[in-house]
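Participant: Below is the sequence, then the predicted model.
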Amino acid sequence: MTAAAATAQPRSDAVPAAGSAVDIVVRQIRELIADEGLKVGDSLPTERELCARFSASRNTVREAMRILKAYGMVEVRPKVGATITDNRMSRAFELFSFNTMEVSRKTFADVQAFRDLIEVGAADRIIDRLGERDIAELHRINVRLSGIQDLQEASEVDFSFHLRLVSILGNDTILDVYSVMKPIVLRIMQKGKTRRTFKTETYAEHEGVVEALAARDLLSFQYRLRNHLMTGFKFFNEEMEASA
(Lines give C-alpha, C1' and ligand atoms only; values in the text may rest on other atoms or scores of the structure.)
Protein backbone atom coordinates (compact mmCIF):
# COMPACT_ATOMS: atom_id res chain seq x y z
CA MET A 1 0.00 0.00 0.00
CA THR A 2 1.37 3.42 -0.91
CA ALA A 3 1.89 6.15 1.63
CA ALA A 4 -0.95 8.13 0.08
CA ALA A 5 -3.30 5.15 0.26
CA ALA A 6 -2.34 4.52 3.86
CA THR A 7 -3.10 8.12 4.67
CA ALA A 8 -6.50 7.88 2.99
CA GLN A 9 -7.43 4.63 4.78
CA PRO A 10 -9.72 5.48 7.77
CA ARG A 11 -8.63 4.26 11.16
CA SER A 12 -10.89 1.57 12.60
CA ASP A 13 -10.73 3.18 16.04
CA ALA A 14 -11.43 6.70 14.82
CA VAL A 15 -14.31 8.54 16.49
CA PRO A 16 -17.03 9.49 13.99
CA ALA A 17 -17.20 13.19 13.36
CA ALA A 18 -20.96 13.47 13.83
CA GLY A 19 -22.31 13.79 17.36
CA SER A 20 -20.74 14.08 20.78
CA ALA A 21 -18.97 11.19 22.50
CA VAL A 22 -22.13 10.51 24.52
CA ASP A 23 -24.33 10.53 21.38
CA ILE A 24 -21.98 8.05 19.74
CA VAL A 25 -22.10 5.66 22.72
CA VAL A 26 -25.90 5.92 22.85
CA ARG A 27 -26.00 4.92 19.18
CA GLN A 28 -23.48 2.12 19.73
CA ILE A 29 -25.48 0.64 22.61
CA ARG A 30 -28.66 0.72 20.52
CA GLU A 31 -26.81 -0.99 17.68
CA LEU A 32 -25.48 -3.58 20.15
CA ILE A 33 -29.04 -4.35 21.28
CA ALA A 34 -30.20 -4.74 17.68
CA ASP A 35 -27.17 -6.69 16.42
CA GLU A 36 -27.22 -9.20 19.28
CA GLY A 37 -31.00 -9.56 19.24
CA LEU A 38 -31.38 -8.56 22.88
CA LYS A 39 -34.95 -8.39 24.17
CA VAL A 40 -36.85 -6.85 27.08
CA GLY A 41 -35.49 -8.32 30.30
CA ASP A 42 -32.05 -9.15 28.89
CA SER A 43 -28.98 -7.68 30.56
CA LEU A 44 -26.54 -5.33 28.92
CA PRO A 45 -22.77 -5.73 29.37
CA THR A 46 -21.39 -4.18 32.52
CA GLU A 47 -20.26 -0.58 32.63
CA ARG A 48 -16.61 -1.68 32.55
CA GLU A 49 -17.26 -3.94 29.54
CA LEU A 50 -19.02 -1.14 27.68
CA CYS A 51 -16.12 1.23 28.38
CA ALA A 52 -13.67 -1.28 26.93
CA ARG A 53 -15.90 -2.24 24.00
CA PHE A 54 -16.48 1.35 22.87
CA SER A 55 -13.17 2.85 24.04
CA ALA A 56 -15.13 5.33 26.11
CA SER A 57 -14.66 6.82 29.55
CA ARG A 58 -16.79 5.75 32.49
CA ASN A 59 -18.47 9.17 32.64
CA THR A 60 -19.39 8.96 28.95
CA VAL A 61 -20.94 5.50 29.36
CA ARG A 62 -22.84 6.56 32.47
CA GLU A 63 -24.26 9.61 30.70
CA ALA A 64 -25.25 7.46 27.72
CA MET A 65 -27.04 5.04 30.05
CA ARG A 66 -28.79 7.97 31.74
CA ILE A 67 -30.12 9.09 28.35
CA LEU A 68 -31.27 5.58 27.44
CA LYS A 69 -33.01 5.35 30.81
CA ALA A 70 -34.77 8.67 30.12
CA TYR A 71 -35.89 7.23 26.78
CA GLY A 72 -37.42 4.33 28.68
CA MET A 73 -35.16 1.80 26.93
CA VAL A 74 -33.12 0.54 29.88
CA GLU A 75 -33.46 0.20 33.61
CA VAL A 76 -30.36 0.52 35.80
CA ARG A 77 -30.36 -1.00 39.28
CA PRO A 78 -27.54 -1.11 41.85
CA LYS A 79 -25.64 -4.44 41.92
CA VAL A 80 -27.80 -5.72 39.07
CA GLY A 81 -26.69 -3.48 36.22
CA ALA A 82 -28.65 -2.43 33.18
CA THR A 83 -31.52 -4.44 31.74
CA ILE A 84 -33.56 -3.70 28.65
CA THR A 85 -37.08 -2.35 29.13
CA ASP A 86 -39.64 -0.80 26.81
CA ASN A 87 -41.21 2.11 28.64
CA ARG A 88 -40.95 4.52 25.74
CA MET A 89 -44.70 5.09 25.54
CA SER A 90 -45.04 5.80 29.26
CA ARG A 91 -42.06 8.18 29.08
CA ALA A 92 -43.74 10.03 26.25
CA PHE A 93 -46.92 10.15 28.34
CA GLU A 94 -44.99 11.75 31.20
CA LEU A 95 -43.62 14.39 28.84
CA PHE A 96 -47.12 15.22 27.62
CA SER A 97 -48.41 15.26 31.20
CA PHE A 98 -45.94 17.95 32.18
CA ASN A 99 -46.53 19.91 28.99
CA THR A 100 -48.00 23.21 30.17
CA MET A 101 -47.93 25.07 26.86
CA GLU A 102 -50.94 27.17 25.97
CA VAL A 103 -53.18 25.72 23.29
CA SER A 104 -52.83 27.87 20.18
CA ARG A 105 -55.13 27.90 17.17
CA LYS A 106 -52.54 25.85 15.27
CA THR A 107 -52.20 23.28 18.07
CA PHE A 108 -55.97 22.97 18.28
CA ALA A 109 -56.31 22.57 14.50
CA ASP A 110 -53.42 20.09 14.26
CA VAL A 111 -54.68 17.84 17.06
CA GLN A 112 -58.27 17.88 15.81
CA ALA A 113 -57.08 17.15 12.26
CA PHE A 114 -55.14 14.15 13.57
CA ARG A 115 -58.20 12.90 15.45
CA ASP A 116 -60.30 13.40 12.33
CA LEU A 117 -57.78 11.37 10.33
CA ILE A 118 -58.08 8.46 12.76
CA GLU A 119 -61.71 8.55 13.89
CA VAL A 120 -63.41 9.75 10.70
CA GLY A 121 -60.84 8.30 8.31
CA ALA A 122 -61.31 4.82 9.78
CA ALA A 123 -65.12 5.05 9.76
CA ASP A 124 -65.62 2.14 7.38
CA ARG A 125 -63.43 -0.15 9.49
CA ILE A 126 -65.15 0.99 12.70
CA ILE A 127 -68.56 0.12 11.24
CA ASP A 128 -67.27 -3.21 9.91
CA ARG A 129 -66.03 -4.21 13.36
CA LEU A 130 -68.89 -2.67 15.31
CA GLY A 131 -70.93 -4.85 17.67
CA GLU A 132 -74.02 -4.26 19.76
CA ARG A 133 -71.86 -4.24 22.88
CA ASP A 134 -69.85 -1.33 21.44
CA ILE A 135 -73.00 0.70 20.78
CA ALA A 136 -74.34 0.04 24.28
CA GLU A 137 -71.04 0.99 25.89
CA LEU A 138 -70.75 4.24 23.91
CA HIS A 139 -74.30 5.15 24.90
CA ARG A 140 -73.61 4.30 28.56
CA ILE A 141 -70.51 6.53 28.62
CA ASN A 142 -72.36 9.41 26.97
CA VAL A 143 -75.29 9.26 29.41
CA ARG A 144 -72.83 10.14 32.17
CA LEU A 145 -72.30 13.58 30.60
CA SER A 146 -75.86 14.66 31.34
CA GLY A 147 -75.36 14.47 35.10
CA ILE A 148 -71.82 15.79 35.57
CA GLN A 149 -71.33 19.10 37.40
CA ASP A 150 -67.54 19.37 37.07
CA LEU A 151 -65.85 20.57 33.86
CA GLN A 152 -62.72 18.44 34.38
CA GLU A 153 -64.78 15.32 35.00
CA ALA A 154 -66.91 16.06 31.94
CA SER A 155 -63.82 16.32 29.73
CA GLU A 156 -62.58 12.98 31.10
CA VAL A 157 -65.89 11.36 30.09
CA ASP A 158 -65.75 13.05 26.68
CA PHE A 159 -62.25 11.63 26.17
CA SER A 160 -63.32 8.14 27.29
CA PHE A 161 -66.13 8.23 24.71
CA HIS A 162 -63.67 8.84 21.89
CA LEU A 163 -61.16 6.36 23.28
CA ARG A 164 -63.90 3.71 23.36
CA LEU A 165 -64.82 4.58 19.78
CA VAL A 166 -61.22 4.17 18.64
CA SER A 167 -60.92 0.87 20.56
CA ILE A 168 -63.36 -0.66 18.07
CA LEU A 169 -60.52 -0.60 15.54
CA GLY A 170 -58.68 -3.23 17.60
CA ASN A 171 -55.35 -1.44 17.08
CA ASP A 172 -53.27 -1.21 20.27
CA THR A 173 -50.80 1.25 18.76
CA ILE A 174 -53.53 3.77 18.00
CA LEU A 175 -54.87 3.37 21.54
CA ASP A 176 -51.38 3.98 22.92
CA VAL A 177 -51.03 7.15 20.85
CA TYR A 178 -54.41 8.40 22.05
CA SER A 179 -53.41 7.72 25.65
CA VAL A 180 -50.19 9.69 25.18
CA MET A 181 -52.15 12.60 23.72
CA LYS A 182 -54.73 12.64 26.52
CA PRO A 183 -53.45 15.72 28.44
CA ILE A 184 -53.42 17.98 25.37
CA VAL A 185 -56.77 16.58 24.16
CA LEU A 186 -58.33 17.30 27.57
CA ARG A 187 -57.11 20.90 27.42
CA ILE A 188 -58.57 21.24 23.94
CA MET A 189 -61.89 19.80 25.10
CA GLN A 190 -62.11 22.37 27.88
CA LYS A 191 -61.25 25.38 25.72
CA GLY A 192 -64.36 27.46 25.13
CA LYS A 193 -66.63 24.89 26.78
CA THR A 194 -68.72 25.15 29.90
CA ARG A 195 -70.55 22.62 32.02
CA ARG A 196 -73.72 23.52 30.09
CA THR A 197 -71.95 22.86 26.76
CA PHE A 198 -70.92 19.37 27.83
CA LYS A 199 -74.39 18.57 29.19
CA THR A 200 -76.20 19.77 26.07
CA GLU A 201 -74.21 20.22 22.85
CA THR A 202 -71.54 17.57 23.47
CA TYR A 203 -74.06 15.07 24.78
CA ALA A 204 -76.37 15.61 21.78
CA GLU A 205 -73.50 15.37 19.28
CA HIS A 206 -72.33 12.10 20.83
CA GLU A 207 -75.86 10.72 20.69
CA GLY A 208 -76.01 11.56 16.99
CA VAL A 209 -72.75 9.69 16.43
CA VAL A 210 -74.07 6.64 18.29
CA GLU A 211 -77.35 6.72 16.35
CA ALA A 212 -75.46 6.80 13.03
CA LEU A 213 -73.36 3.84 14.19
CA ALA A 214 -76.42 1.88 15.26
CA ALA A 215 -77.91 2.46 11.79
CA ARG A 216 -74.60 1.47 10.16
CA ASP A 217 -74.89 4.71 8.21
CA LEU A 218 -71.32 5.46 7.09
CA LEU A 219 -71.94 8.91 5.61
CA SER A 220 -74.02 10.09 8.56
CA PHE A 221 -71.41 8.80 11.01
CA GLN A 222 -68.60 10.63 9.20
CA TYR A 223 -70.62 13.84 8.91
CA ARG A 224 -71.76 13.89 12.55
CA LEU A 225 -68.36 12.97 13.96
CA ARG A 226 -66.45 15.49 11.85
CA ASN A 227 -68.88 18.26 12.81
CA HIS A 228 -68.50 17.27 16.47
CA LEU A 229 -64.70 17.44 16.31
CA MET A 230 -64.73 20.86 14.66
CA THR A 231 -67.55 22.42 16.74
CA GLY A 232 -65.05 22.98 19.54
CA PHE A 233 -62.95 25.09 17.19
CA LYS A 234 -65.79 27.64 16.98
CA PHE A 235 -65.99 27.92 20.77
CA PHE A 236 -62.19 28.07 20.97
CA ASN A 237 -61.99 30.94 18.45
CA GLU A 238 -64.71 32.83 20.32
CA GLU A 239 -62.77 32.45 23.57
CA MET A 240 -59.51 33.57 21.91
CA GLU A 241 -61.19 36.66 20.45
CA ALA A 242 -62.86 37.49 23.77
CA SER A 243 -59.56 37.24 25.67
CA ALA A 244 -57.82 39.39 23.04
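Facilitator: Arrived safely. Source: prediction; values computed, not measured.

Participant: quick one: the closest residue to A214 other than its chain neighbours from R224, how far?
Facilitator: Closest residue to A214 apart from its sequence neighbours, by Cβ to Cβ, 6 or more residues apart in numbering: I135 at 5.2 Å. The way it works is simple: take the backbone N, C-alpha and C, and place the C-beta from them, glycine included. Distance of I135 to R224, computed by Cβ to Cβ, to the nearest Å: 14 Å.

Participant: If you count surrounding residues, which of those two has more?
Facilitator: Neighbours were counted for I135 and for R224 using other Cβ atoms under 10 Å; R224 has more, 21 against 15.

Participant: Tell me the pLDDT of that one.
Facilitator: Per-residue confidence at R224 stands at 93 (pLDDT).

Participant: Tell me if I am right that it is in a helix.
Facilitator: Yes. Assessed with DSSP: H, G, I helix; E, B strand; the rest coil, R224 lies in a helix.

Participant: residues contacting the residue nearest to A214?
Facilitator: Counting by Cβ atoms under 8 Å, 6 or more residues apart in numbering, I135 makes contact with 210, 213-214.

Participant: Wait, a strand at it?
Facilitator: No. According to three-state DSSP, I135 belongs to no strand; its state is helix.

Participant: ok so, going back, need the contacts of I135 in a markdown table with neighbour count, secondary structure and pLDDT, can you?
Facilitator: A markdown table is the format used below for the contacts of I135 (neighbours: other Cβ atoms under 10 Å; DSSP: H, G, I helix; E, B strand; the rest coil; pLDDT from 0 to 100):
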| residue | neighbour count | secondary structure | pLDDT |
| --- | --- | --- | --- |
| V210 | 22 | helix | 96 |
| L213 | 24 | helix | 96 |
| A214 | 16 | helix | 96 |
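
Participant: V40 belongs to a helix?
Facilitator: No. Counting by three-state DSSP, one finds V40 to be coil, located in no helix.
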